[in-house]
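A.B. asks: Got a predicted model here, sequence first, then my questions.
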Amino acid sequence: MKTPANLRAEIRRLYHKTTPATVERDVRRAIELLKSLDGEAERARVAVYMDGLSQLRSEWILARRRAGKKRSPGRQSSPNAKKP
């Protein structure tokens, strides 16, 4: 059985080790761990890490979308295109 300290440490580890490739899985795991903590006081102690994971996920999703727009042909006119 994991102690609250172990659960908090696991959430903290997930935050520090997450990457764009693992962020979705890490957020889901952190939510599972958060739900297993008893009481608001325990949950408040890891809120900053949960918020951080959420922010990272949002930033990486936006970056992925922006990169996709830059790569997709036909979205932007070419610099040599003639305007009427």
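C.D. replies: Thanks, I have the structure now.
A.B. asks: Name the helix or strand for Ala21, please.
C.D. replies: If you go by DSSP states H and E, Ala21 is not part of any helix or strand.
A.B. asks: And for Ala47, the neighbour number?
C.D. replies: Using other C-beta atoms under 10 Å, the number of residues around Ala47 comes to 12. In short, each C-beta sits where N, CA and C put it, glycine included.
A.B. asks: How about Val27: what's its closest non-neighbour residue?
C.D. replies: Spatially, and ignoring its direct neighbours in sequence, Val27 is nearest to Leu53 (5.1 Å; C-beta to C-beta, 6 or more residues apart in numbering).
A.B. asks: dump the residue contacts of the one you found.
C.D. replies: Leu53 is in contact with 14-15, 18, 23, 26-27, 30, counting by C-beta atoms under 8 Å, 6 or more residues apart in numbering.
A.B. asks: Let's have those in CSV, adding distance to Gly39, secondary structure and neighbour count.
C.D. replies: Formatted as CSV, the contacts of Leu53 follow (distance: C-beta to C-beta, whole Å; DSSP: H, G, I helix; E, B strand; the rest coil; neighbours: other C-beta atoms under 10 Å):
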residue, distance to Gly39, secondary structure, neighbour count
Leu14, 21, helix, 23
Tyr15, 21, helix, 19
Thr18, 26, coil, 21
Val23, 27, helix, 19
Asp26, 23, helix, 20
Val27, 22, helix, 18
Ala30, 17, helix, 24
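A.B. asks: And the residue nearest to Val27, how close does it get to Arg64?
C.D. replies: 16 Å (C-beta to C-beta, to the nearest Å).
A.B. asks: Nearest spatial neighbour of the spatially most central residue of the chain, chain-adjacent residues omitted?
C.D. replies: The centre of the chain sits closest to Arg57, judged by C-alpha atoms, centre = their mean, with a distance of 2.2 Å. Leaving aside its sequence neighbours, Arg57 sits nearest to Val23 (C-beta to C-beta, 6+ apart; 4.8 Å).
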